[in-house]
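Undergrad: Have a look at this fold, sequence not included:
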């Protein structure tokens, strides 16, 4: 399950992409538009900055902005930064951990196929795709 951290991080990134004008966007503006607590967003953007997805500036004229163009971000990279692995089962989440049943596990192919579908879906969806979808919905 994707937590609020992951979902809100996508909303922050999408908000920044939609309102990008070359300037830093204050977190209070994002919080107001997204109807999310500014205090909670402070935690989320700190991780996004640490993960090199956003750049922040403090003081007058400060705020946050994207480091790259929206088409250069995938939803998958945002989610994995915020959530950790998107793997459905522990034996696929940590490839360094050798499962003693790997060679005989009858369900492993199913979990692998499922994880590949999830990975391909989220890594195949760009932030710019979400911007386009929102513009289309808004008319």
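TA: Thanks, I have the structure now. Nothing here was measured: the structure is a model prediction, and the numbers come from that model.
Undergrad: can you list contacts of the host helix or strand of residue 7?
TA: Using DSSP states H and E, residue 7 maps to helix 4-18. Applying CB atoms under 8 Å, 6 or more residues apart in numbering, the contact partners of helix 4-18 are 25, 30, 33-34, 36, 40-41, 44-45, 47-48, 53-54, 64-66, 70, 73, 75, 78-79, 81-83, 127-128, 130-131, 134. All C-beta spots, glycine's among them, are computed from the backbone N, C-alpha and C.
Undergrad: what comes up buried for that helix?
TA: Of all the residues in helix 4-18, those buried under the rule 16 or more other CB atoms under 10 Å are 5-6, 8-18.
Undergrad: separation between residue 135 and residue 2?
TA: 24 Å (CB to CB, to the nearest Å).
Undergrad: So between the two, which is more surrounded?
TA: Neighbours were counted for residue 135 and for residue 2 using other CB atoms under 10 Å; residue 2 has more, 13 against 10.
Undergrad: Residue 84 is in contact with the more buried one, correct?
TA: No. Under the criterion of CB atoms under 8 Å, residue 2 makes no contact with residue 84, lying 11.2 Å away.
Undergrad: that older thread, please state the offset of the helix holding residue 7 from the chain centre?
TA: Relative to its chain's centre, helix 4-18 lies at 7 Å (CA atoms, centre = their mean, to the nearest Å).
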